[in-house]
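[1] give me the fold of what follows.
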Amino acid sequence: MLQNIGFPGIMLILLVVLVLFGPSKLPELGRAVGRTLHEFKNSARELVGEGKESPEHLEVSDKKVDKANV
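    Okay, the predicted model is just below:
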């Protein structure tokens, strides 16, 4: 869906944002969007990092389960 917007569509969206928020609010809006994207990327990295570590934790949990069954 977003692939078909093109340059004129992006310009129209930017114009609507400019009219809605005004030129004084645009720096604040840009900063907020940037911070949100930064937090999203950090969260995604943490989730990917946790996914890589989880098999080690599962092995430990399996050993505990085996000991409990004995």
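[2] average pLDDT for the helix or strand hosting Glu46, rounded please.
    Assigning secondary structure by DSSP states H and E places Glu46 in helix 26-69. For helix 26-69, mean pLDDT rounds to 77.
[3] got the contact list for Leu15?
    Residues near Leu15 by Cβ atoms under 8 Å, 6 or more residues apart in numbering: none. To be clear about C-beta, it is placed using only N, CA and C from the backbone, and glycine gets the same treatment.
[4] need the three-state assignment for it.
    Following DSSP: H, G, I helix; E, B strand; the rest coil, Leu15 is assigned to helix.
[5] ok, it to Leu26 distance?
    12 Å (Cβ to Cβ, to the nearest Å).
[6] which residues do these two both contact?
    Joint contacts of Leu15 and Leu26 (Cβ under 8 Å, 6+ apart) do not exist.
[7] would you mark the buried spots in stretch 9-18?
    Going by neighbour count (16 or more other Cβ atoms under 10 Å), nothing in stretch 9-18 comes out as buried.
[8] so for it, mean pLDDT?
    The average pLDDT for stretch 9-18 rounds to 91.
[9] ok, how many other residues are close to Phe21?
    12 (other Cβ atoms under 10 Å).
[10] likewise for Ile5?
    12.
[11] swap in Lys25?
    Lys25 is flanked by 13 other residues according to other Cβ under 10 Å.
[12] what does Glu50 give?
    Residues near Glu50, counting by other Cβ under 10 Å, number 10.
[13] what separation do you get for it and Ser43?
    Distance, Glu50 to Ser43, using Cβ to Cβ: 11 Å.
[14] measure Ser24 to Val16 for me?
    From Ser24 to Val16 the distance is 17 Å (Cβ to Cβ).
[15] try Leu26
    Distance, Leu26 to Val16, by Cβ to Cβ: 12 Å.
[16] same question, Ala32
    Taken as Cβ to Cβ, the span from Ala32 to Val16 is 17 Å.
[17] same question for Arg31.
    Relative to Val16, Arg31 is positioned 20 Å away (Cβ to Cβ).
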